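Chemist: Okay, here's the prediction I keep looking at, along with the sequence it came from:
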Amino acid sequence: MNGPRRLESPEALCSYQLIGDLDLSPDGRRLACAVRAYTAETGCQPRSRLWVGNPSGLDALRGSGEAVDRHPKWQPDGAGLAFASNRDDPTRLQLCIADAELRDVTRLGDLPGSVDQLQWNETGDAVNALVATPAPQTPWHASTRPADPRVARPAPSARELYSVAVHSGAPVRVGPAGLCVWEFASCGDDGAVAVVSSAGGENQWYSARIVQLHRGSDDARTLYAPRAQVAQPQISPDGRYLAFIEGTSSDRGMVAGDVTLVDLDTDGVHRMSVPHCDVSYLRWVGTEIAWAGWSDVGTACGWLTTDGRVTLAWAGQATLGYFHRLELTAAEGHMIAGAVQSPSQPLEVAMLCADEIPSRWRPITDFNRAYCDYALPTQERFAWTSDGGTEVSGILVRPTSAGRTAPPLIVMAHGGPSGAWTYEFLAGYFGHATLLASAGYAVLLPNPRGSVGRGSDFARANHGDAGGCDFRDIVAGARACARAGIADGTRSGICGLSYGGYMAAWAATQPSPFTAAVSISGVADWIDLYYSAEGGEVARMLLGADPAVSAERYVARSPIAQASASAVPLLLIQGQEDPLTPPRQAEALYGALAQSGAVVELIVYEREGHVFREADHLTDCWRRVSAWFGSHV
């Protein structure tokens, strides 16, 4: 009789399914979500299929699966479904409508760009669509023959909101032309509340405000000018309250913090904290707010009233989403649907009824049933004390097979830095932590200062101090593992992606216990990043000033400036089409290290962006990471 299988090959991950864009109809009777494979075929986009049905089970939407179908939203009465699709144009997502039987799908209108968010108006006779113009270019649409010569000029871009009437398909702008809308929620029949900035460009998001907009009007009434970043604005059904999430965040789409409530009748502002949780999802359901968020190395969800009363529906050692983003939806009757995973349960759609005692998640799909018979390495919470007595925690992934001696250690730093490691089925980016533990390493996934899930003070602790307290927390975690006998302190490596890639590159140039490092999509030069990357404004947040004022601080915290001191072998892995940490970052650091005589290697994948998608690239990336640590740890 065959026993459980061990997950030892990256090819085994290629058919793993990711679930997102969940939406329950207001009455809780209908559910929709988007499902796509973990990887894509060479030169292709990951296809995304819509699944629709009821809380007992889902079926694939007819005709879905050969294209990219995203952002499903039920009509207020649950009769029809709006979604975005590239069925008619592979370069952009356009608005589509499915009828009540979900059999006939038609394209609605012709929007000047690619749909990024959808929501029906109150009566269900129009769909509000947030459109990015020009359509965002993905690596899969990059030209195979670059222009010669290449000409760079500041390019106008817009993110505008349109209302599209179902009966005519005619789009009407909501709010003034030129206003950059980052996200919105419909309000009444002809309006919306939105997070906006006066100009386009990712850097403008960090100082965005919340306004009220109306169809066919140039008015944009400011409702709230934040001190930090804001997300998910929502108007209560009676129109009295504006609720949203406010917290410092390094990345759009990852804002976590407290719930702020604005009484639009009195202009009173109330900040409501959920104990032991940084909220990252909210939705009005009747007179209550459904919320969910990060709690240490787990997640939690519940309900919140306008007088600040918090009800915890569920909290545990599982993640309601993936890749640092929550994926769930809520409806009447205290119903919550989420994409739920844990170390023992692969990602599936599950239902939670908070009125049941005890409340528990009930899976209703089996997209990843093929992974249920794998014997994966165990995960556990691990805590240690860093400088100043700061308690830091993370997840320890134990090696599958225990040897007679302590195993080598790999520390995997998360991105953001406004992210956090939580309990997931496949630990670490691309499942690397799971694969490394299966290969005999102990793997530590630390949540140093700057991570979410421990309150706003903890999340802001590394602002102005990139590579300082957060790096010391990571080093302290590695040394704590050695002291506890968990790992061999003389054999340890570090890897990470994005800001985690910066941590790995920084470690290669600093005194530390690490004998090898792997930086994926990392930062090498903060000044260059500030001026050349989308979202370079994050450098000002993490270094505390503009580079024109404090260039010396940017230089002092840049790995490239410390390259001559590097004695740690460093593997640099990069996507050629990465707009967030452009390949010039890795190329420059590679050149500086090579000139200094360091052990260094650079891998660049064509067509890939900040996070890799093609199956061949992901499997090749894993083999290179495994070989690097095998040679140098």
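Modeler: Thanks, I have the structure now.

Chemist: And the residue lying closest to residue 431 once chain neighbours are set aside, how far from residue 630?
Modeler: Nearest residue to residue 431 in three dimensions, chain neighbours excluded: residue 13, at 5.1 Å (CB to CB, 6 or more residues apart in numbering). All C-beta spots, glycine's among them, are computed from the backbone N, C-alpha and C. To residue 630, residue 13 is 20 Å away according to CB to CB, to the nearest Å.

Chemist: out of the two, which sits in the busier spot?
Modeler: residue 13 (22 against 14; other CB atoms under 10 Å).

Chemist: Now do the more buried one against residue 623, distance only.
Modeler: Taken as CB to CB, the span from residue 13 to residue 623 is 13 Å.

Chemist: now residue 75
Modeler: Residue 75 is 48 Å from residue 623, by CB to CB.

Chemist: what about those two, which has more around it?
Modeler: residue 75 (21 against 12).

Chemist: wait, doesn't the more buried one sit right on residue 98?
Modeler: No. With contact defined as CB atoms under 8 Å, residue 75 does not count as touching residue 98 (9.8 Å).

Chemist: Show me the common contact partners of the two, please.
Modeler: Shared contacts of residue 75 and residue 98, defined by CB atoms under 8 Å, 6 or more residues apart in numbering, comprise 81-82.

Chemist: what about residue 623, which helix or strand?
Modeler: helix 615-632 (DSSP states H and E).

Chemist: and that helix, what's its mean pLDDT?
Modeler: Averaging pLDDT along helix 615-632 gives 96.

Chemist: List of residues touching that helix?
Modeler: 10-11, 13-14, 39-42, 408, 410, 430, 432, 435-436, 439, 441, 493, 495, 515-516, 518, 520, 569, 571, 573, 599, 601, 603, 605, 608, 612.

Chemist: With stretch 539-549 instead?
Modeler: Looking at what lies outside stretch 539-549 - CB under 8 Å, 6+ apart - the contacts are 206, 248, 250, 417, 462-466, 526-527, 529-531, 550, 553-554, 557.

Chemist: go on, stretch 172-181?
Modeler: Contacts for stretch 172-181 (CB under 8 Å, 6+ apart): 128, 130, 158-165, 190-192, 194-201, 204, 211, 213-220.

Chemist: From those, keep the buried residues only.
Modeler: Buried by 16 or more other CB atoms under 10 Å: 128, 130, 158-165, 190-192, 194-197, 200-201, 211, 213-215, 220, out of the contacts of stretch 172-181.

Chemist: in its sheet, what does the host helix or strand of residue 519 sit against?
Modeler: Assigned by DSSP H and E, residue 519 falls within strand 516-520. Partner strands and pairing direction for strand 516-520 (DSSP bridges) are strand 492-497 (parallel), strand 570-575 (parallel).

Chemist: Could you double-check that residue 589 lies in contact with residue 561?
Modeler: No. Contact criterion CB under 8 Å: residue 589 and residue 561 do not qualify, at 10.2 Å.

Chemist: quick one: which of those two has more around it?
Modeler: residue 589 (29 against 18).

Chemist: Tell me if that one really is in a helix.
Modeler: Yes. Counting by DSSP: H, G, I helix; E, B strand; the rest coil, residue 589 falls inside a helix.

Chemist: Excluding covalently adjacent residues, which one is nearest to it?
Modeler: Nearest non-adjacent residue to residue 589 (CB to CB, 6+ apart): residue 524, at 3.7 Å.

Chemist: From residue 627, how far out is that neighbour?
Modeler: 22 Å.

Chemist: Neighbour count for the two, which is higher?
Modeler: residue 524 (28 against 11).

Chemist: need the contact list for that one.
Modeler: 502, 505, 558-560, 585-586, 588-589.

Chemist: again, only this time at 6 Å
Modeler: 505, 559-560, 585, 588-589 (CB atoms under 6 Å, 6 or more residues apart in numbering).

Chemist: same thing with residue 228?
Modeler: Residue 228 neighbours (CB under 6 Å, 6+ apart): 246-248.
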